[in-house]
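>>> Pasting the sequence and the predicted coordinates here, then a few questions.
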Amino acid sequence: MAVDVRWATTDDAEALATVLCEMAAHYRHAPLDHGRATATARQWLGEESPAYPHFALAFVGGKVAGLASVAVAHPGIDLERLMFLKDLFVRDSARDQGAGRALVGFLAGYCLDKGIGRIDLTAEDWNEGALRFYDRLGAERHGQKIFLRLSGEALRTAAKP
């Protein structure tokens with residue numbers, strides 16, 4: 001079956017919320033309230049710059065199948081912008097139908113069209129399926145950087161002058 005991929009718009013808020021709710025369950029997080037997720041998705045999508053969209057959605061048979069959440073960062077020392085793939089998630093009901101591959105292909109095509117030099121991403125070390133998927137795509141395991149996070153109290157402390 002064909003997979004259709006497009007950048008999400010405010011009209012896709014409910015579809016995005018559906019995937020976010022399933023993603024939370026998949027990663028064993030507290031369940032998300034679908035209404036709140038829809039309102040939040042609508043807000044996020046309404047605030048996006050058309051120059052740098054943040055969510056791509058895949059559809060199989062007209063039903064939302066998965067998402068890619070991305071950010072574009074401007075040049076560093078190599079003078080090439082990069083796309084950071086924050087999340088790639090395919091719903092259980094759509095697995096093995098090419099949605100993940102279609103999402104990555106869509107993002108790669110966007111990067112080539114916009115002169116973005118690479119896609120950086122992370123995957124949990126326990127997620128063997130994701131690691132095999134990225135290996136099949138030819139992704140290099142890049143051990144030069146360590147993934148770090150500021151959140152909670154550390155984020156509040158960093159925000160203080």
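Looks like it arrived, so ask away. Numbering: from 1, shown residues only.

>>> any idea how far Phe84 is from the most centrally placed residue in the chain?
The residue lying closest to the centre of the chain (CA atoms, centre = their mean) is Ser69, at 2.2 Å. Distance of Ser69 to Phe84, given as CB to CB, to the nearest Å: 9 Å. Just so you know, the C-beta spots here come from the backbone N, C-alpha and C atoms, and that holds for glycine as well.

>>> One more: Ala102?
19 Å.

>>> So if I had to pick from the two, which one is more boxed in?
Under the criterion of other CB atoms under 10 Å, the comparison of Ala102 against Phe84 puts Ala102 first, with 22 against 14.

>>> Quickly find the element holding that one.
Element membership of Ala102, judged by DSSP states H and E, is helix 99-114.

>>> Report the rounded mean pLDDT for that helix.
The predicted model gives helix 99-114 an average pLDDT of 95.

>>> Against which helices or strands is that helix packed?
strand 3-7, strand 55-60, strand 63-73, strand 81-90, strand 116-121, helix 128-137 (3 or more CB pairs under 8 Å, 6 or more residues apart in numbering; DSSP states H and E).

>>> Out of those, which gets nearest to Ser49?
Of all those, it is strand 63-73 that lies closest to Ser49, at 9.6 Å by CB to CB.

>>> which strands and helices sit next to the closest one?
helix 13-26, strand 55-60, strand 81-90, helix 99-114.

>>> Now distance to Glu48 too, for the ones you listed, in a markdown table please.
Formatted as a markdown table, the helices and strands packed on strand 63-73 follow (distance: least, CB to CB, whole Å):
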| stretch | distance to Glu48 |
| --- | --- |
| helix 13-26 | 11 |
| strand 55-60 | 8 |
| strand 81-90 | 14 |
| helix 99-114 | 14 |
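
>>> Quick one, which of these gets closest to Gln43.
Closest among those, using CB to CB: helix 13-26, at 8.5 Å.

>>> Please spell out which residues along the closest one are buried.
13, 15-23 (16 or more other CB atoms under 10 Å).
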